[in-house]
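Colleague: Give me the fold of what follows.
(one chain, ligands or ions: 2)
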Amino acid sequence: MAISTSSPAVKQRPIRKISVHNFKERREEIARQIIDAAEKDGFFAIKGQESPSPKEIEEVFQISKRFFALPDDIKAQTPLKKAENAGWECRSQIRPSTGTPDQKQSIQLQYHRRNDNSWPTDEALLAEDKATLCRFMEKTHALSQEILSIFAEALGFPSDHFAKAHQVTLPDAQSTLRLLHYHDITGTQYPASYWRAGAHTDFDCMTMLFQRTGEDGLEVCPGREAHTSFARGDAWTPIEPITGEIVCNIGDMLMAWSDDRFKSLFHRVRCPKIGENQRDRYSIAYFNQANKNVVVQGPRGKYPPMTAHEYILSALQRNFSQLKT
Ligand SMILES: O=C(O)CCC(=O)C(=O)O
Ligand SMILES: [Fe+2]
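Modeller: Ligands and ions are numbered 1, 2, ... in the order given. As a prediction, this is how the structure comes out:
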């Protein structure tokens, strides 16, 4: 049976904001807050990071705006290749939770493929914009690894356990930068089954999400206890978008890798109704996904070992069998 699209009530239960200012000196205190948030909430926002700075984040939003404003036939020169997790798509992603296509366009870019044809041509994306995107990926990757080192230590692994598992220059890398554009839908009332992004969990270890002040719609639902379950809790909480802050969420892979200690939660982006802000929404997601050949297994061995490649295939299978039945 497909997952019900009827949704529980919306409740204000804001996610925690954790300042990572002076990270090196304050690492212990920051680690305590992050671990607590990952165990209880699965989502938290970080602020005060040195890099990427609000200015660098805004530069990427400007590149994203320019790219998505291009005619579709130019963007379609680099179509999404699902097996490679790279390329452009428009209104094509169907979430098992909804059965309707997300009302958005997106492009996925991988660092190790930056010189191949999975990235747009220079006609669609200037060489200097590509260089800016690569620097942004390097910075976001570095910050992600600082946070992931906290999770590694909390699980009793060496500090660099996840850094070794996420090597973005190797050919089996799976980490991805995704630029997203939710179209201006001013004046359109979509049926209740349509979403800008239908409810889903992320399959990676940890996602870093960048939003812009005023471009709201993201909501999270607590209440998931196993990385294989489709359980949802009692209420959806809106996540306030603030330019420069980074929303971090645990994905299914880290939930499995932590024997379900860190929570990967359902989240979605609402289709705003007539009378609400129905203008464009842009977001940027950086998915930290372990390299294909890395073995995922928690310290307590709750689940059998699997390579990260096998993990993603099983997560896809689990999710899409929900859609078919
Ligand atoms: O655009 C957003 O705010 C969320 C995007 C998201 O959840 C995803 O791409 O996995
Ligand atoms: Fe997501």
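
Colleague: The closest residue to ligand 1 within the stretch 1-150 of the chain in helix, strand or coil?
Modeller: Closest contact between the stretch 1-150 of the chain and ligand 1, by CB to the nearest ligand atom, is at Ser106 (7.1 Å). Every C-beta, even on glycine, is put in place using the N, C-alpha and C of the backbone. Following DSSP: H, G, I helix; E, B strand; the rest coil, Ser106 is assigned to strand.

Colleague: Does anything pack onto the helix ranked longest in the chain? Which helices or strands?
Modeller: Secondary structure of the chain read by DSSP state H shows that its longest helix is helix 127-154. Where contact means 3 or more CB pairs under 8 Å, 6 or more residues apart in numbering; DSSP states H and E, helix 127-154 is packed against helix 27-40, helix 54-68, helix 161-165, strand 176-182, strand 206-210, strand 281-288.

Colleague: what about Glu153, distance to Glu146?
Modeller: 12 Å (CB to CB, to the nearest Å).

Colleague: circling back: in JSON lines, list the helices and strands packed on helix 127-154 along with mean neighbour count.
Modeller: Below are the helices and strands packed on helix 127-154 laid out as JSON lines (neighbours: other CB atoms under 10 Å):
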{"stretch": "helix 27-40", "mean neighbour count": "16"}
{"stretch": "helix 54-68", "mean neighbour count": "17"}
{"stretch": "helix 161-165", "mean neighbour count": "19"}
{"stretch": "strand 176-182", "mean neighbour count": "22"}
{"stretch": "strand 206-210", "mean neighbour count": "24"}
{"stretch": "strand 281-288", "mean neighbour count": "24"}
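
Colleague: Report the beta-bridge partners for the residue of the stretch 1-150 of the chain closest to ligand 1.
Modeller: Glu89, Leu180 (DSSP bridges).

Colleague: what's the distance between the residue of the chain found nearest ligand 1 and Gln105?
Modeller: Distance from ligand 1 to each residue of the chain (CB to the nearest ligand atom) is smallest for Ser283, at 3.4 Å. Distance of Ser283 to Gln105, given as CB to CB: 12 Å.

Colleague: One more: Cys221?
Modeller: On the measure of CB to CB, Cys221 and Gln105 end up 25 Å apart.

Colleague: More neighbours: those two, which one.
Modeller: Remark: of Cys221 and Gln105, Cys221 carries more neighbours, 23 against 20, as counted by other CB atoms under 10 Å.

Colleague: thought the more buried one was touching Thr237?
Modeller: Yes. The pair Cys221 / Thr237 is scored as a contact, 7.4 Å apart, by CB atoms under 8 Å.

Colleague: what residues does the stretch 151-300 of the chain put near ligand 1?
Modeller: With CB under 6 Å from any ligand atom as the criterion, the stretch 151-300 of the chain meets ligand 1 at residues Arg178, Leu180, Ala197, Asp202, Leu209, Gln211, Leu218, His267, Val269, Ser283, Ala285.

Colleague: before we move on, back to that, ok, the residue of the chain closest to ligand 1 - contacts?
Modeller: Applying CB atoms under 8 Å, 6 or more residues apart in numbering to Ser283 gives the contacts Leu180, Tyr182, Leu209, Phe210, Gln211, Arg212, Glu215, Leu218, Val269.
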